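*Asks:* what's the 3D shape of this:
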Amino acid sequence: MAFDLKVGPFEPEFAGKMDFYLNVLNDTERGAGDHPSIGIILCAEKDDVEVEYALRTKANPIGVAAYELQKKLPKEMKGRLPTVKQLAGVVRAEMGGGR
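*Replies:* Presented below is the predicted three-dimensional model:
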């Protein structure tokens, strides 16, 4: 699965880029018994007609969804997500500078 988070509205070229990512992912990471990879494009806003035309000829399964930012984390999510410090530690470790 490939996710592409966009801070602005959907643009048709996002579909072509995701199709490219999925082709690479399928060729390099997919196992013999695995289903084809799925792409999810998350945008601040989208026009359904524009999305339909952009995805019409794509060979890979791609979905587009709009997201809405929240000022506060919902109560049920508190304690379930990593802290900023934990995330920073993972990034440092992956980049070879972990302590």
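
*Asks:* and the strands in this structure?
*Replies:* With strands called from DSSP state E, the chain shows them at 2-5, 39-43, 62-66.

*Asks:* now the last one: buried residues?
*Replies:* The one in question is strand 62-66. 62, 64, 66 (16 or more other C-beta atoms under 10 Å). C-beta coordinates here come from the backbone N, C-alpha and C atoms, glycine included.

*Asks:* could you do stretch 52-69 as well?
*Replies:* Of all the residues in stretch 52-69, those buried under the rule 16+ other C-beta under 10 Å are 54-55, 60, 62, 64, 66.

*Asks:* where does the chain have low pLDDT?
*Replies:* 97-99 (pLDDT under 70).

*Asks:* at 50 instead, please
*Replies:* For the chain, no stretch is flagged by pLDDT under 50.

*Asks:* the longest helix in it is where?
*Replies:* Looking across the chain with DSSP state H, the single longest helix is helix 13-28.

*Asks:* list the buried ones in that helix?
*Replies:* By neighbour count on 16+ other C-beta under 10 Å, the buried set for helix 13-28 is 14-15, 18-19, 21-22, 25-26.
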